[in-house]
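Chemist: Pasting the sequence and the predicted model now:
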Amino acid sequence: MEFFVDPSRCIGCQACAQACAECDSHRGISMIHLDFVDRSSSPQTTPTVCMHCDDPTCARVCPADAIKQTAEGVVQSALKPRCVGCSNCVLACPFGVPRYIPALDQMMKCDMCYDRTSAGLKPMCATVCPSGALYYGSRETIVQMRREQPTNTFVFGRRVVTTKVSLMVSANTSALEVDIASFLPSPEDPSAGNNPQQVAA
Ligand code: SF4
Ligand code: SF4
C-alpha cells in the first residue's frame, strides 16, 4: 500500500483536515494543510502532507536529532523531549510541511498516521477524502484508475528529492521540477507565479 496525492482532485471540503485533527495522537491539531493554488484567480485548493523524503532534509538540519525515520521510511514528528523549537526543519523542508506549534513548543507534522498505517489501516485523511485527492492503496490500482501517473521525484535546482509519497502528475512525466523563483512576483509582473514544470519521461 502506498500514499498518492492528486491536487487537481481537491475540492477544498476540509474533510481531511477535520479528520486529521480528530486523531488522539495529534492533540486536536491537524497535520494536513490546505493551501490555495492561486487565491487571487481561483478557488482551487491543494492538500499538503509530508512527502516522507527518502533523505529527509528536516531530520538532517535538526540540531537535536529529534526527527526520526522508521525502517519503512516514514519520517516522524519531532520527539517532544528532544525538540528545542528552533524551526530549522520548518525553514529547510522543500515542501513547506513542518509547523512549529508554540503552545506545545514543539514541531509537529504529518507522520502518515503511523499508528494506523503500521497496522494495515489507511491514514485518516485518505479514509474521508470524497474526491480521491488523497488515495492510499496499491500502485497498480491507481495507475489503472487514473489518467495521471504517480511520480516521487522532485527537482529543486540542482537538488533531486525522492519521496515515499507520490504525486499524481500528467502522463509521460518522470519528475516534477519546482523553480521556487518562478513563484515570486517580479517587478514586470507582480502577480507572477508559474506552475511547477513537469519533466518529460
Ligand atoms: S517533506 Fe519536509 S517534513 Fe516531510 S520528510 Fe521531507 S523534508 Fe521532512
Ligand atoms: S478531503 Fe480531499 S477533497 Fe476534501 S479538502 Fe481534503 S484533499 Fe481536498
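Modeler: Now that the structure is in, tell me what you want to look at. Ligands and ions are numbered 1, 2, ... in the order given.
Chemist: Going by C-alpha atoms from here, please, whenever you check contacts or count neighbours.
Modeler: Will do.
Chemist: what number of residues lie near residue 106?
Modeler: Close neighbours of residue 106, defined as other CA atoms under 10 Å, add up to 21.
Chemist: What of the one 4 residues further on?
Modeler: Using other CA under 10 Å, residue 110 has 25 neighbouring residues.
Chemist: Does it lie in a helix or a strand, and which?
Modeler: Using DSSP states H and E, no element contains residue 110; it sits outside every helix and strand.
Chemist: what sits against it?
Modeler: Applying CA atoms under 8 Å, 6 or more residues apart in numbering, we find residue 110 in contact with 31, 32, 49, 50, 76, 77, 97, 98.
Chemist: Close to ligand 2: what parts of this protein are there?
Modeler: 10-16, 47, 129-131, 133-134 (CA under 6 Å from any ligand atom).
Chemist: Now do the same for residue 60: helix, strand or coil?
Modeler: Here residue 60 takes the helix state, with states given by DSSP: H, G, I helix; E, B strand; the rest coil.
Chemist: mind starting the numbering at 57 from now?
Modeler: With the count now opening at 57, the last piece we talked about shows up as residue 116.
Chemist: if I look at it, how far off is residue 183?
Modeler: Remark: distance between residue 116 and residue 183 (CA to CA, to the nearest Å) = 31 Å.
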